[in-house]
Each structure stands twice: as structure tokens, then as C-alpha cells.
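Asker: Predicted model and sequence below, questions to follow.
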Amino acid sequence: MGIRSGMMYTAGIVSVGASFVSWLLSKEYEQDLARADRWGLFVGEWAPTFFAIGVALRIEETREEVMTGRTEEDRRQQDRMGRRLGGRVTAGV
């Protein structure tokens, strides 16, 4: 699908920052401090999910590297070369 583990790790880190920003903004606009805390916690719950998906994707990436004997960078380079040559690059090259 094109989604890499690094993208999920980045989303997790952004989610932590968004949680803090959400809490700060809610604190300013909500009259009840408990409600502001809930907004920050709601967004903060996304981070572990993104990190868990990132770990699962990394396991799959590593498994693919072990099974094929090629690193992800090798595969990307071969895909780029194949597109340049009109798909005439074989898998063993």
C-alpha cells in the first residue's frame, strides 16, 4: 500500500504534539478543566496506535528483507530502474 513504518512513527510523534496543543487550546476555550483534559487525552490515545502499527509494519519490512535477501532500499532502487527502463529489469538483477 506504500505506507512505511517510518510514516507511522512520525504520525505517533505528531499525535503527541497534537495532544498537547489540543489540551492547551481546550484549556483556553473550555470553562471546565476536566473537559479540556479529556480533549488532550482523546488525541493522545492515537499515539500508541500509530506506534503499534509502525512496529507491525517494521516487522513486515524486515521479514520481506530476510525472505528476499534484499533491503528495502535495494527494492526501491530496482523499482525506480524498472520504471526508467519500461519494466525490463528482472527480479534477480
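Answerer: That came through fine.
Asker: Could I get the contacting residues of the nearest residue to Ser19 once chain neighbours are set aside?
Answerer: Spatially, and ignoring its direct neighbours in sequence, Ser19 is nearest to Gly44 (3.6 Å; CB to CB, 6 or more residues apart in numbering). For glycine as for every other residue, the C-beta is placed from the backbone atoms N, C-alpha and C. Gly44 makes contact with Ser15, Val16, Ser19, according to CB atoms under 8 Å, 6 or more residues apart in numbering.
Asker: What is the nearest of those to Ala52?
Answerer: The closest of the contacts of Gly44 to Ala52 turns out to be Ser15 (CB to CB; 12.1 Å).
Asker: Isn't the closest one up against Phe42?
Answerer: No. Using CB atoms under 8 Å, Ser15 is not in contact with Phe42; the gap is 10.8 Å.
Asker: out of the two, which sits in the more crowded spot?
Answerer: Using other CB atoms under 10 Å, the more surrounded residue of Ser15 and Phe42 is Ser15, with 20 against 13.
Asker: how much space between the more buried one and Arg75?
Answerer: Relative to Arg75, Ser15 is positioned 29 Å away (CB to CB, to the nearest Å).
Asker: Between the contacts of Gly44, which has the least confident prediction?
Answerer: The weakest per-residue confidence within the contacts of Gly44 falls on Ser19 (88).
Asker: Could you report the neighbour count for that residue?
Answerer: 19.
Asker: which residues touch it?
Answerer: Contact analysis of Ser19 by CB under 8 Å, 6+ apart lists Gly40, Leu41, Val43, Gly44, Trp46, Ala47.
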